[in-house]
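Chemist: Can you look at this prediction? I've put the sequence above it.
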Amino acid sequence: MSLWGGRFTEESNVKFKKFNNSLNIDYRLIQDDIKSSIAWSKILLDVKILTRQEQQLIEKTLYWISKKYINNVKKIVASESEDIHSWIETLLINKIGIIGKKLYTGRSRNDQIATNLKLWCKRKSKIILKKIVKLQSVFLNQAYLHQNTIIPGYTHLQRAQPITFSYWCLAYIEMLERDRLRVLNVIENLNYSPLGCGAIAGTSWDINRNKLALLMGFSSSTKNALDSVSDRDFIIDVLSAASISMMHLSRFSEDLIFYNSGEANFIELSDSITSGSSLMPQKKNPDVLELIRGKCSGVYGSLLSILVLLKGLPLSYNKDFQEDKKYLFQGIDSWIACLDMSCVVLNNLKINKIRSKQLAREGYSNATELADYLVNKGISFRDAHHIVGNIVVEAIRQNKYLEELDLLVFKKYCVIVEKDVYKYLTLESCLKRKNAIGGVSPEQIKNSLDAVKTRLLHLS
Ligand code: ARG
């Protein structure tokens, strides 16, 4: 029988029952429901709805349920119960009878589900924080290894200026750091407990909601029951953080897909994380990266689904909310899987340093250096830019790099060019001179590596 059977004289339509049930999705809240139920039993003890013995029996039985079923999903979802709350309630009552029934005093599934979802989000957010830090440290390892690995830096997907692979890794460490701070913020916002709000207007029992909040690891309680039972902003928060972070992982994938392509071809993914084509024997495809890039759209879909789900809803609880879990779970599962796989990718890639350096040298990526050289000799940057443009055209005509041009050619375009120009035009000089904070110079990179290393040491 359902929890609300008393008011009804007819059995539920079979199709409606199936349509209405959510156990096959919300079984994942078992540990959160048990945590909040134990806290609730302690508060019922305070207001003398339960005796000490009754509370202890409830707590013990709830722990027993958790231990027995937490890893036995099949058993849970095989039940006819409507949702995880009713499933636990039925089991509890089957085990301890009337005492179990008392636990449901003063509590609604409306405040219960809002609480459980917050507990779930908090639990997952803490796991995600660790995964982000792990990925940052994998990037950091690569960054240490590749301080001297020069690769082309792109704008508009045109070779722009030389950078190092280390510098590229550090860029992603920065993005992940913003993701990490965003998750910390999400956790901070998850600190207020809705339990004790009842169905909509609060509870008639004289309970201490702040104490109840502390029992579950929240810092205090929410302020308005009407809002609390219909607030799902925290799901939007966590999926927004997920979406931004997935966008970073998707760009990371796209970079590597391109670096690995036949055209750029300066990184190689190990066989263990690539797959072949059923038709073309020569193919070795970067599926893992394409999947990370592809899964990003699913996470955006989750965020958008929740935003749309909530948009027109009147206060307070509406059954539409039941749909929130599948999007939340899917979005967070994908995020976690992609953080994990990004670590695997980074640990399984090789860089063809000769080719990456060669590509960095091509495309006149040292043209800005030549302009800077002229500026150092007293020419304004705009004029220098124009002169260098002409020199590049000449170099293309001669099919040469800038540094291969004869000094007389330089002089034809600008008499003040001297022999020292060649020193300016090396890749090493291009890197070394970018020495302001955040630049690609070896000194700046070393500073960044040390700072990140210290930060990560503090976090682990
Ligand atoms: N399964 C429901 C959900 O996820 C639990 C809350 C049910 N509340 C209600 N008033 N029907 O939202």
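Modeler: That came through, no problem. Numbers count the residues shown, from 1 in each chain.
Chemist: residue contacts, the residue of the stretch 151-300 of the chain found nearest the ligand?
Modeler: In the stretch 151-300 of the chain, the residue found nearest to the ligand is residue 199; the distance is 6.9 Å by Cβ to the nearest ligand atom. The C-beta positions use only the backbone N, C-alpha and C, and glycine is treated the same way. Taking Cβ atoms under 8 Å, 6 or more residues apart in numbering as the criterion, residue 199 is in contact with 108, 110, 111, 229, 317.
Chemist: again, only this time at 10 Å
Modeler: By Cβ atoms under 10 Å, 6 or more residues apart in numbering, the contact set of residue 199 is 107, 108, 109, 110, 111, 225, 229, 316, 317.
Chemist: Which pLDDT value belongs to residue 2?
Modeler: For residue 2, the model assigns a pLDDT of 67.
Chemist: picking that back up, also near the ligand: which of the contacts of residue 199, exactly?
Modeler: Among the contacts of residue 199, proximity to the ligand is found for 109, 110, 317 (Cβ under 6 Å from any ligand atom).
Chemist: what's the next secondary structure element after the helix or strand hosting the second one?
Modeler: Under the criterion DSSP states H and E, the helix or strand holding residue 110 is helix 109-145. For helix 109-145, the following helix or strand on the C-terminal side (DSSP H and E) is strand 150-155.
Chemist: CA-only coordinates of that following strand, as PDB, when you get a sec.
Modeler: The C-alpha coordinates for strand 150-155 follow below in PDB (Å, rounded to 0.1, in the frame of the first residue of the first chain):
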ATOM      1  CA  ILE A 150      58.000  24.000 -27.600                       C
ATOM      2  CA  ILE A 151      54.600  23.900 -29.300                       C
ATOM      3  CA  PRO A 152      52.900  26.300 -31.600                       C
ATOM      4  CA  GLY A 153      50.400  28.600 -29.800                       C
ATOM      5  CA  TYR A 154      47.300  29.300 -31.900                       C
ATOM      6  CA  THR A 155      44.800  32.100 -32.300                       C
END
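Chemist: Save the ones next to the ligand among the contacts of residue 199 as TSV, and put in pLDDT and neighbour count too.
Modeler: Formatted as TSV, these follow (pLDDT from 0 to 100; neighbours: other Cβ atoms under 10 Å):
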residue	pLDDT	neighbour count
109	95	21
110	97	20
317	96	19
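Chemist: quick one: residue 205 and residue 44 touch, right?
Modeler: Yes - taking contacts as Cβ atoms under 10 Å, residue 205 lies within contact range of residue 44: 8.0 Å.
Chemist: where do the contact lists of these two overlap?
Modeler: Common neighbours of residue 205 and residue 44, using Cβ under 10 Å, 6+ apart, are 105, 106, 107.
Chemist: What is the neighbour count of the last one?
Modeler: Residue 107 sits with 24 neighbouring residues when counted by other Cβ atoms under 10 Å.
Chemist: Need phi/psi at it.
Modeler: Dihedral pair for residue 107: phi -120, psi 140, per degrees, to the nearest 10.
Chemist: I'd like to know how far the residue lying closest to it once chain neighbours are set aside sits from residue 33.
Modeler: What sits nearest to residue 107 in space, not counting adjacent residues and going by Cβ to Cβ, 6 or more residues apart in numbering, is residue 40, at 5.8 Å. Remark: distance between residue 40 and residue 33 (Cβ to Cβ, to the nearest Å) = 10 Å.
Chemist: Identify the contacts common to those two.
Modeler: With Cβ under 10 Å, 6+ apart, residue 40 and residue 33 have common neighbours 112, 115.
Chemist: Can you get me a residue count around residue 57?
Modeler: By other Cβ under 10 Å, neighbour count at residue 57 equals 18.
Chemist: buried stuff in the host helix or strand of it?
Modeler: Residue 57 is located in helix 52-69, with elements delineated by DSSP H and E. Across helix 52-69, burial judged by 16 or more other Cβ atoms under 10 Å covers 54, 55, 57, 58, 59, 61, 62, 65, 66, 69.
Chemist: what's the spacing between the helix holding residue 110 and its chain's center?
Modeler: Mean-position distance between helix 109-145 and its chain equals 8 Å (Cα atoms, centre = their mean, to the nearest Å).
Chemist: same deal with stretch 143-154?
Modeler: 25 Å.
Chemist: Looks like residue 29 contacts residue 120 (just checking).
Modeler: Yes - counting by Cβ under 10 Å, residue 29 touches residue 120, with 5.8 Å between them.
Chemist: Overlap of the contact sets of these two?
Modeler: 325, 329.
Chemist: Spell out which parts of the stretch 201-350 of the chain neighbour the ligand.
Modeler: Counting by Cβ under 6 Å from any ligand atom, the stretch 201-350 of the chain sits next to the ligand at 317, 319, 321, 322.
Chemist: Without its sequence neighbours, what residue ends up closest to the third one?
Modeler: With sequence-adjacent residues excluded and distances taken as Cβ to Cβ, 6+ apart, residue 321 is closest to residue 232, at 6.6 Å.
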